[in-house]
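Asks: kindly return the folded structure for what I paste below:
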Amino acid sequence: MNPLSITRSSTLWVRALLPPRTQRGALPTYIGKQFESICLQWIQRKNAAGELPFPVFEFGQWWGTNPKTREQVDIDVVTANRNEKRVFVGECKWRNRFDWAEAARTLEHRAQLLKGFNEQS
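Replies: You can find the predicted model right below:
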């Protein structure tokens, strides 16, 4: 059974919005993107409450090329205070399994690609 075919209405909804070839793999991708948005909103709320390590004035994501590996890389959450030259980065993953140590190592390397900041959290 197709996991998207739980009910007739959900099947119709998916078929109406997605081309047939993408229906099977599109839902996890969609949920992952929505989860990234929720994570960014959470960070914005923590900042408004003064609960981050420093005040943040810029919020977003980052995509770029790692010059050593020549690969496209991304950082799901990037918050910055350019006046203090500080940046706070994070990864948001919607997965059944997650390797925290590997994610931390990857994020630490990717954060070094952000230029113009003296401190990265």
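Asks: contacts and neighbour counts: CA atoms only from here.
Replies: Fine.
Asks: name the residues of the longest helix seen in the chain that are buried.
Replies: For the chain, the longest helix by residue count, based on DSSP state H, is helix 23-48. Of the residues in helix 23-48, those buried by neighbour count under the rule 16 or more other Cα atoms under 10 Å are 32-33, 36-37, 39-40, 43-44, 47.
Asks: over to stretch 55-64?
Replies: 55-56, 59, 61-62.
Asks: just these now: which is nearest residue 26?
Replies: Closest approach to residue 26 among those (Cα to Cα): residue 61, at 21.0 Å.
Asks: pick out the residue closest to the middle of the chain.
Replies: residue 76 (2.7 Å; Cα atoms, centre = their mean).
Asks: the helix or strand harbouring that residue: partners in the sheet, and parallel or antiparallel?
Replies: Using DSSP states H and E, residue 76 sits in strand 71-81. When sheet partners are counted by DSSP bridges, strand 71-81 sits next to strand 58-66 (antiparallel), strand 86-90 (antiparallel).
Asks: what's the burial count for residue 101?
Replies: 9 (other Cα atoms under 10 Å).
Asks: helix or strand: which one has it?
Replies: Using DSSP H and E, residue 101 falls in helix 100-111.
Asks: ok, the residue nearest to the centre of the chain touching residue 94?
Replies: No - Residue 76 is beyond contact range of residue 94, at 11.8 Å (criterion: Cα atoms under 8 Å).
Asks: what does the strand holding residue 76 contact?
Replies: The contact list for strand 71-81 (Cα atoms under 8 Å, 6 or more residues apart in numbering) reads 36, 39-40, 54-66, 86-92, 107, 110-111.
Asks: show me where pLDDT drops low in the chain?
Replies: 1-25, 119-121 (pLDDT under 70).
Asks: if we go to 80?
Replies: Where the chain drops to pLDDT under 80, the residues are 1-28, 94-96, 116, 118-121.
Asks: how about residue 34, what does it touch?
Replies: By Cα under 8 Å, 6+ apart, the contact list for residue 34 is empty.
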